Structures are given as C-alpha cells and as structure tokens.
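Novice: Predicted model and sequence below, questions to follow.
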Amino acid sequence: MIRFNPTNAAAFVPAHAVAQLLPQLELAHRQLLDGSGPGADFRGWIDLPARPDTEELARIREAADYIRREADVLVVVGIGGSYLGARAVIEALQSPFAASQTAAERGGPQIVFAGHQLSGSYHAELLDWLDGKRVCVNVISKSGTTTEPAIAFRILQRYMESRYDEEEVRRRIFVTTDANRGALLDLARARGYARFVVPDDVGGRYSVLTAVGLLPIAVNHDIDALLAGAAAAREAWLHVDDPLTAPPYAYALWRNALLRAGYDTEFLVHYDHQLRWFVEWWKQLYGESEGKDGRGLLPAGVEFTSDLHSMGQFIQDGRRRLIETVIRVNTPCRSLSVPFDEADGDGLNYLAGRDLADINARALEGTTLAHVDGGVPNLQVEIETIDETSLGWLIWFFEFACGLSGYLNAINPFDQPGVEAYKRNMFALLGKAGYEDLAASLQERLGR
C-alpha cells in the first residue's frame, strides 16, 4: 500500500488553487479511462496487471528458468523504456554488491546492460568481461532499428556466433519486439530466436510490466508478486469517490498546482540506495511524458543523505523554483546498529545501539523540515518496504499519476515527438541515405 502526504506543500499553494483543479482532475480521469484524451491508443498498461497474458507469462517463466540454469550472465540490450524499468526493479531488489556474489547468493546469473549508450569503451570492456562466462542475451526493441541497441545487438550477436554453434546461439538469444512487424521481428523469425511481445497499446516508458521488463526481472525475482502489487494498486485506485484521498490523484493534483504556482523543477528524493535506478525510470517516465509544448515540470533526482553534501546547498538556499517528492520507506530490508566505543573520540556514543534505519528516518524528517523552512515544498510518498509487491504498487502509482498529470497539463502524455529531433541530426551526420540535404545544412552550421 502507498500513502501520500502533501502537508509540507500546503503553505506554498492557496487552498482555493487546489480546489479549482478538481474539475480538471475529474476530466483527466475520464479521458484516461474512456480514451477520449490524446494518445488513447497507448493506455494498455492501465489494465495490464489485472488481465495479464497468461500464455506469455508462462513462456517468460520458462525462458527465465533456462537462463537461470544455463547462464552466468544475462546481457539486456535496450535503451530508455526498453531497459530502465527492468533495471529499476532489479537494482532495487538485489544486493548493491551483486556483482561479487555467487549465483546462489544472488539467486541467479548476473544481469548487465548494453545498448543504452554509444560508448565504444563500455561495449569493448563488456565483450572482454564476458569471455569465459556462459552468456545469454535479451534484446528489447519494438522496431529493431533504434540506433544504440541495434548497434549493441549487432556486436553481441557476432560475439555469440564466435563462441557458440548455430543451435546454441539460437537457444541463448531472446528477442522482445513488436508482434507483427519490424526488422528485429524479421531477424528473430529468420534465426529462430525465442520471441516475446511489446504490446501495441503500451508505450516503452510504460512497459515495465510487459515482457519488456518481466523477462529480465523474472530471471532472479518474483514477477507474480510484482504484478500482484500493481493489480492491487489498480483495484484500489482506478475508481475513487474522493480523489484528494487517493494517492495517484492527489500527487497529480498537487504537482500541477505547484507548477502553476511557479515551481518548475521536481526532485524525486530517496534515502535508500536500492531506489537509485527507480529514480532514473521515473525521470524518463515524467520527462518524456510531460516535457512537450514548452510545458511540464523538469524531473530530477537526488539520493540523500549523500547528495546533501553536494546538491544540499542549492536545494536549501538556491533559486526557489524547486519541489521535492520524497519516497519514504518505513521498513528497510536490513538493519544494523551503531556500536558503543569506550573512547568515544568521534562523539557518537549518544547514537550507540540505535539502528541506522532510525537515524536515516530522523535525517529524512530533519531535512524535510529544513527544506520547507528554506522555501521548498515537499510531497511525500510512503511505502512499507522495498520488495516485489511494493514496487508493483509504486510502478502503477507513478504511471497512473503521470497519465492524469499529463492531461491536467493539456498535453499528450503518451507521445514523444521531441525525441526524433536528435535522431534526424545524428542520421544526417552519420551519412544515412535520405538525409543528404539536412547533412549539408548541419555541416555548414558546424563549420565544416
């Protein structure tokens, strides 16, 4: 379950401003559910947890079992929504030292990522590191032609062919792509690779609860519990009588009320190392969904208390256009207390015997109050612990709130027209056919 608390933002927005948004929130809710809003063809994620494809799930579990038995390493190839959701969940659930654990300690093979950037050094080092290990690859791309993962997969496919015979390569490569079309689908059919589906009605950044995220996650973690958490969230929040008491509606409403009051940057704050990549997933979800038509809150992320020693000064005392949304975890996965020291040279004996979770919680509370006093509105999202079920709740919460928030801000939360701009320029500068005129213009601007 999730609790949402806007108390520490109330002083920054007049009460009437929140109330005046309620009719617009109700409209956004109707648009999201009945498909009358823009981007309606990409709302399949809403009902996905309640009506999963049982046949696809069975195939995912079968593939995950094979990878767990036959691989030391699973390389997940994807970019943006094709890998961030899976990485967010995997990093939240595994030890921060998973790379040095045995398979038994970790619960399965090590999972690493490729194709999420164009660094030659990274991918060359990856190939060197893979030598001597049993390798499986899961490539995720709806089209198969997105530059970064397509290059990485071409390299990795050649690497796999250099190590295994044709039949073994076929067994060790898994493809998640469009069900009916695309270069990657054609390749998978031709080579006989196991195929999983990116649903037509689910955009990449909302796809973590499809095969896009579920196959990598299933290798070492419980996807049934993850889906159950999301299904419970949907059941609790899809239809509500009072939106201000329902967390995703209240979150969407308050962040838009603050946006209209002049706050244009939102920091998602966490105090637990496991949530670092969850914040990266959230940044893409909200940045790509809301950053268009000159609108939207800029999504950023900080990890406290670490970033209090770097970003803390700016947040406390810099430009007053920031809001913070704090994820509070009530019960950490592990506990450890501060030992007593006879000499007490560091002056910490007043904390002796106290659990670090308790100290961290007091840091959260003290920081929140300091930032509020410094002029930073604070919203709080509270979860009980970090496990598959809680993450399922949290994923559906942020996705549903994102859809509502987009419609509240009068934009389409399901397209990403701006993403294509850099691609066109990159294709032109790389000499791709059909981009010759643009290439000439860009070369002139670059002074070449």
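Specialist: Perfect, I can see it now.

Novice: For the stretch 251-400 of the chain, which segments count as helices?
Specialist: 276-290, 312-317, 356-373, 388-408 (DSSP state H, counting those that start in this stretch).

Novice: now for those, which one comes closest to Ala236?
Specialist: Each of the helices of the stretch 251-400 of the chain has some distance to Ala236 by CB to CB; the shortest is helix 388-408, at 8.6 Å. Bear in mind the C-beta positions are built from the backbone N, C-alpha and C, glycine included.

Novice: what sits opposite the closest residue in space to Gly78 that isn't next to it in sequence in the beta ladder?
Specialist: Distance criterion CB to CB, 6 or more residues apart in numbering; nearest residue to Gly78, sequence neighbours excluded, is Ile140 at 3.8 Å. With DSSP bridges as the criterion, the beta-bridge partners of Ile140 are Thr176.

Novice: In contact with Ile140, which residues are there?
Specialist: Residues near Ile140 by CB atoms under 8 Å, 6 or more residues apart in numbering: 76-78, 82-83, 149, 176-177, 198, 212.

Novice: Using JSON lines, please lay out those together with neighbour count.
Specialist: Listed next are those as JSON lines, based on neighbours: other CB atoms under 10 Å:
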{"residue": "Val76", "neighbour count": "29"}
{"residue": "Val77", "neighbour count": "28"}
{"residue": "Gly78", "neighbour count": "29"}
{"residue": "Ser82", "neighbour count": "27"}
{"residue": "Tyr83", "neighbour count": "25"}
{"residue": "Pro149", "neighbour count": "26"}
{"residue": "Thr176", "neighbour count": "29"}
{"residue": "Thr177", "neighbour count": "27"}
{"residue": "Val198", "neighbour count": "24"}
{"residue": "Val212", "neighbour count": "31"}
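
Novice: with the residues you listed in mind, which one is nearest to Ala428?
Specialist: Nearest to Ala428 among the contacts of Ile140, counting by CB to CB, is Pro149 at 20.4 Å.

Novice: which one's the longest strand in this structure?
Specialist: Determined from DSSP state E, the single longest strand within the chain is strand 322-329.

Novice: Next, the angle from it to helix 388-408.
Specialist: Interaxial angle, strand 322-329 versus helix 388-408 (axes from the mean of the first three to the mean of the last three CA atoms, to 10 degrees): 160 degrees.

Novice: And the average pLDDT for strand 322-329 is what?
Specialist: For strand 322-329, mean pLDDT rounds to 98.

Novice: buried stuff in that strand?
Specialist: Going by neighbour count (16 or more other CB atoms under 10 Å), the buried part of strand 322-329 is 322-329.

Novice: Check stretch 420-437 too.
Specialist: Here stretch 420-437 shows 425, 427-428, 435 as buried, counting by 16+ other CB under 10 Å.

Novice: which of the helices of the stretch 251-400 of the chain sits most buried?
Specialist: helix 388-408 (a mean of 25; mean count of other CB atoms under 10 Å).

Novice: so what secondary structure elements neighbour the helix or strand just after that helix?
Specialist: Later in the chain than helix 388-408, the nearest helix or strand by DSSP states H and E is helix 419-430. On a contact count with 3 or more CB pairs under 8 Å, 6 or more residues apart in numbering; DSSP states H and E, helix 419-430 meets helix 436-445.

Novice: Now do the buried residues in the helix it packs on.
Specialist: Across helix 436-445, burial judged by 16+ other CB under 10 Å covers 439, 442.

Novice: could you dump the contacts of Ile140 to CSV with pLDDT?
Specialist: Output for those, formatted as CSV (pLDDT from 0 to 100):
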residue, pLDDT
Val76, 98
Val77, 97
Gly78, 96
Ser82, 92
Tyr83, 95
Pro149, 94
Thr176, 97
Thr177, 96
Val198, 93
Val212, 97
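
Novice: which ones among the residues you listed are found in helices?
Specialist: 149, 212 (DSSP state H).

Novice: and which of the contacts of Ile140 is nearest to Gly291?
Specialist: Set against Gly291, the nearest of the contacts of Ile140 by CB to CB is Ser82 (19.0 Å).

Novice: Show residues contacting stretch 386-395.
Specialist: 1-2, 49, 85, 89, 92-93, 208-209, 221-223, 225-233, 272, 274-275, 278, 327, 329, 332-333, 381, 383-384.

Novice: Generate a PyMOL selection restricted to the buried subset of those.
Specialist: In PyMOL, this line selects whichever of the contacts of stretch 386-395 come out buried by 16+ other CB under 10 Å:
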select buried, resi 2+49+85+89+92+93+208+209+221+223+226+227+228+229+230+231+232+233+272+274+275+278+327+329+332+381+383
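
Novice: I'd like to know which of the contacts of stretch 386-395 are part of strands.
Specialist: Those of the contacts of stretch 386-395 lying in strands (DSSP E): 2, 327, 329, 381, 383.

Novice: From Phe414, how far out is the second one?
Specialist: This means Ile327. Ile327 sits 24 Å away from Phe414, taking CB to CB, to the nearest Å as the criterion.

Novice: Ok, the last one next?
Specialist: With distances taken as CB to CB, Ile383 is found 26 Å from Phe414.

Novice: now the lowest-mean-pLDDT helix or strand in the chain and helix 436-445, what's the angle there?
Specialist: Least confident helix or strand, the chain: helix 419-430 with a mean of 82, by mean pLDDT, DSSP states H and E. Angle, helix 419-430 to helix 436-445, by the same axes, to 10 degrees: 80 degrees.

Novice: any low-confidence regions in the stretch 51-200 of the chain?
Specialist: Scanning the stretch 51-200 of the chain for pLDDT under 70 picks out no residues.

Novice: So Asp317 sits against Asp373, correct?
Specialist: No: contact criterion CB atoms under 8 Å: Asp317 and Asp373 do not qualify, at 11.0 Å.

Novice: ok, the residue sitting nearest the centre point of the chain - contacts?
Specialist: The geometric centre of the chain, computed from its C-alpha atoms, lies nearest to Trp281 (CA atoms, centre = their mean), at 1.9 Å. Contacts for Trp281 were tallied using CB under 8 Å, 6+ apart; they are 84-85, 87-88, 208.

Novice: Now do it against Ala300, distance only.
Specialist: For Trp281, the distance to Ala300 - CB to CB - is 14 Å.

Novice: go on, Ala410?
Specialist: 23 Å.

Novice: re earlier: centre of the chain to the least confident helix or strand of the chain, how far?
Specialist: 25 Å (CA atoms, centre = their mean, to the nearest Å).

Novice: Perfect, that will be all.
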